[in-house]
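Colleague: okay, predicted coordinates and the sequence, questions at the end:
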Amino acid sequence: MSGVVKIDLKMGCEVGKRFYEPGCFGGEPLFVGRDPEDIMSSDEDDGYLLSFVYNEKSNESKLLVMDARSPELDIVSMVRLPRRVPYGFHGLFLKKDKILISNSSPRNR
């Protein structure tokens with residue numbers, strides 16, 4: 001993917017987009033709510049889009065954190081990574097209590 005487009009399914013139109021730099025391609029974006037403890041947030045886009053982006057010219061991978069509410073999906077943080085992240089790499093966001101439950105499972109003892 002050379003960028004991310006946000007579509008309002010009720011209105012049936014594009015409401016936001018961010019294209020990566022030339023020669024850069026990203027993986028599947030992941031949405032993370034601004035306040036993961038507030039599962040009843042009134043705004044479904046109140047959070048961040050995270051995406052790994054690889055620059056094929058410089059052989060550099062980055063993690064982009066974008067404001068999901070912004071029409072341009074503004075970058076609020078960017079982390080340069082020490083190694084290439086392969087295309088198709090997936091992430092998963094879990095709340096702290098879900099990680100603690102998983103770690104205390106009998107099979108993990």
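Modeller: Structure received. Here the structure is a predicted model, which means the values were calculated and not measured.
Colleague: show me where the protein has its helices.
Modeller: 96-103 (DSSP state H).
Colleague: wait, residue 79 touches residue 61, no?
Modeller: No. Applying Cβ atoms under 8 Å as the test, residue 79 and residue 61 come out as separate, 9.4 Å apart. For the C-beta atoms, the positions are set from N, CA and C on the backbone; glycine is no exception.
Colleague: which of these two has more neighbours?
Modeller: residue 61 (21 against 11; other Cβ atoms under 10 Å).
Colleague: beta-bridge partners for that one, please?
Modeller: Note on residue 61: beta-bridge partners residue 54, residue 81, judged by DSSP bridges.
Colleague: ok, it - contacts?
Modeller: Contacts for residue 61 (Cβ atoms under 8 Å, 6 or more residues apart in numbering) come out as 52, 53, 54, 55, 80, 81, 83, 84, 85.
Colleague: state the distance from it to residue 33.
Modeller: 25 Å (Cβ to Cβ, to the nearest Å).
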